[in-house]
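Q: Structure, please.
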Amino acid sequence: MELLKFLVLAVIIVAPVRLFVAKPYVVSGSSMEPTFKDGQYLIIDELTYHFEVPQRGDVIVFRYPRNPSQFFIKRIIGLPNETVTISGGAISVKEASGQNVVLDESYVVNQGNGSDATYTLGGDEYFVLGDNRPASSDSRVWGPLPRTNIVGRVFVRLLPITSVSIFPGKAQLP
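A: Model (predicted):
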């Protein structure tokens, strides 16, 4: 009987957390290397973005716009109402305020942002890129990410145990 009580209590506590607060995610592929490697086990914070907006540099998990049953992991580069320009491998952002910012992306090891291009974002759109640019299918390929597709931000890396960390990959971008 005690075991049954424990199981019921565990379900009552764990189920809401699992459904509304945090969700597990396993990295699949090399698009975020070296920040995240294939097979790493992450916990995604689904709650924060209900109270604050996603920020440039956040690593997020989202539903792929072309097939919402698939989940991708990428880094936010451009925010709503901004213009992202890729030129000669460098990325600059014209913020909604009109200020131009050149991003320092020291976390990117494998450069190769593709051909030069400019992307203008709408009021509810984000520009996301993988950290391993040559191996990433991202906003350069399929366009801006709608806000409604964002599931949450990466909160904890649990596995492998040697790389456990909180807010892994968080970059302070202007």
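Q: Can you list the buried residues in the longest strand seen in the chain?
A: Across the chain, the longest stretch assigned as strand under DSSP state E is strand 150-159. Residues of strand 150-159 classed as buried: 150-157 (neighbour count, 16 or more other C-beta atoms under 10 Å). Where you see a C-beta, it was placed from the backbone N, CA and C, and this is true even at glycine.
Q: Make a markdown table from those residues and add distance to residue 31 and pLDDT to it.
A: Output for those, formatted as a markdown table (distance: C-beta to C-beta, whole Å; pLDDT from 0 to 100):
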| residue | distance to residue 31 | pLDDT |
| --- | --- | --- |
| 150 | 17 | 95 |
| 151 | 16 | 92 |
| 152 | 18 | 91 |
| 153 | 17 | 91 |
| 154 | 14 | 89 |
| 155 | 19 | 83 |
| 156 | 20 | 76 |
| 157 | 16 | 78 |
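Q: What strands flank the longest strand of the chain, and is each parallel or antiparallel?
A: Take DSSP bridges as the rule and strand 150-159 pairs in its sheet with strand 41-45 (antiparallel), strand 59-63 (antiparallel), strand 165-166 (antiparallel).
Q: which one of the buried residues of strand 150-159 is nearest residue 142?
A: In terms of C-beta to C-beta, no member of the buried residues of strand 150-159 lies closer to residue 142 than residue 150, at 14.9 Å.
Q: could you point out where the protein is predicted with low confidence?
A: Residues of the chain that meet the criterion pLDDT under 70 lie in 6-22, 110-114, 165, 167, 171-174.
Q: if you go through it in chain order, where are the helices?
A: In the chain, helices defined by DSSP state H lie at 2-16, 139-142, listed in chain order.
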